[in-house]
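A.B. asks: Build me a structure from this.
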Amino acid sequence: MAGNTLGNIFRVTTWGESHGDSIGCVIDGCPAGLRLSPRQIRDELTRDIPYPVLTRRVETNNFQILSGVFEGYTIGTPISIIIRNSNVESDKYKKIIHTPRPGHADLTYRMKYGHVDWRGGSRASGRTWISTVAAGAVAKNICKLKSVAVTSRLLELGGYKVNPDNLESVIESLAEESKETNDTTGGIIEVKIKNPPVGLGAPMFNRFQADLGHAILNIPGVKSFEIGSGKYSSRLKASLFNDPIDFKEGKIKTLRNRAGGVLGGITYGNPVIFRFAVKPTPSILIPQKSVNLRTMKSAMMSTEGRFDANYTPRAQVVSEAVSAIITADHLILSGYVSHDSIIPRKERLLFGMQTRDL
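C.D. replies: The predicted structure follows:
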């Protein structure tokens, strides 16, 4: 199974299955000299379940940095992080081994690979993306070197527009509704990359928004991606869509941001803003029509394992991580961050010697 790596120079490879012993990641291409503490990774991992009321599986996410970090700094070698699975219930999935879940990857995995891990969705499970969240903590540290920040917000949940004032009540309502109906819902997320430097991206196959779209569309359950004005752009004439250019405060700026911070695949200093939609979690307790792969006859099935009433808030956390990974990668590709070491060359020989007592 190929396709487990994200990035060009700053490359994140994830491994492990939803109900396996452990999952984790290997980060290659991280420059030396970056301050990195377990607490920074822990802070991101604790965001994995932002609203426990929406999920039936909560993990402690105990992790360990196995390599690539020494005395609190990266050393340029691959950073390996392992995260233990401690709260799995695999037996319930035995009942649906032969009946693939509608809307899930059970069917396509069987068609493509034949022999698969049927426990909890294996690599198709949102659980496996916690290792990407860990890698995102490293990427965010690289972004901070250039004062770049990745933020996000929920725009819609279960068909309801949400804001800080009604978010909690909508979440409580959706959780209660899911308990009553055994059904699930989706949502819409907006991500903003603040203060990107000019020149991230390239004209052809490393367009910044294309790499972002590639990363976001790989998150389980994501069904759309749009940047700037998105699909609304098709309804406008160019005279209304184009962002006027002006010179203000000693800088060239645009008076609007309908392009979403990217032109010709390259950033020009405006915030990069995009949105994406997350479908309802496909695993539900409601009986659905499927096929028994052993008998090749129609069959009714329902999921008895645990599932998220709404996966969107968890996808929000993952989206920040992959956006930070793509941004960190492009900061290195475009020369804003050295690929060898972030320590200035004249300081490298004596780095840390003043405080090190050996």
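
A.B. asks: which of the residues in the helix or strand harbouring Glu172 are buried?
C.D. replies: Assignment of secondary structure by DSSP states H and E places Glu172 within helix 167-181. By 16 or more other CB atoms under 10 Å, the buried positions in helix 167-181 come out as 167, 170-171, 174-175, 177-178. Every residue, glycine included, has its C-beta placed from N, CA and C.

A.B. asks: Out of the residues you listed, which is nearest to Gly269?
C.D. replies: The nearest member of the buried residues of helix 167-181 to Gly269, counting by CB to CB, is Leu167 at 30.8 Å.

A.B. asks: How many neighbouring residues does Lys251 have?
C.D. replies: As a burial measure, Lys251 scores 9 neighbours (other CB atoms under 10 Å).

A.B. asks: how about the strands in the stretch 1-150 of the chain?
C.D. replies: Under the criterion DSSP state E, counting those that start in this stretch, the stretch 1-150 of the chain carries strands at the ranges 5-6, 11-16, 22-28, 63-67, 69-70, 73-74, 79-84, 149-157.

A.B. asks: can the ones you listed go into CSV with extra columns for mean pLDDT, distance to Gln288 and mean neighbour count?
C.D. replies: Below are those laid out as CSV (pLDDT from 0 to 100; distance: least, CB to CB, whole Å; neighbours: other CB atoms under 10 Å):
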stretch, mean pLDDT, distance to Gln288, mean neighbour count
strand 5-6, 97, 32, 18
strand 11-16, 97, 28, 20
strand 22-28, 97, 28, 22
strand 63-67, 97, 36, 15
strand 69-70, 96, 46, 16
strand 73-74, 98, 47, 20
strand 79-84, 97, 32, 21
strand 149-157, 98, 23, 19
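
A.B. asks: can you redo those strands as TSV with distance to Phe351?
C.D. replies: Below are the strands of the stretch 1-150 of the chain laid out as TSV (distance: least, CB to CB, whole Å):
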stretch	distance to Phe351
strand 5-6	30
strand 11-16	25
strand 22-28	21
strand 63-67	20
strand 69-70	12
strand 73-74	9
strand 79-84	19
strand 149-157	27
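
A.B. asks: Of the ones you listed, which is nearest Pro203?
C.D. replies: Across those, Pro203 has its closest neighbour in strand 5-6 (21.5 Å, CB to CB).

A.B. asks: so what does the closest one touch, helix or strand wise?
C.D. replies: Using 3 or more CB pairs under 8 Å, 6 or more residues apart in numbering; DSSP states H and E, the elements in contact with strand 5-6 are strand 11-16, helix 312-333.
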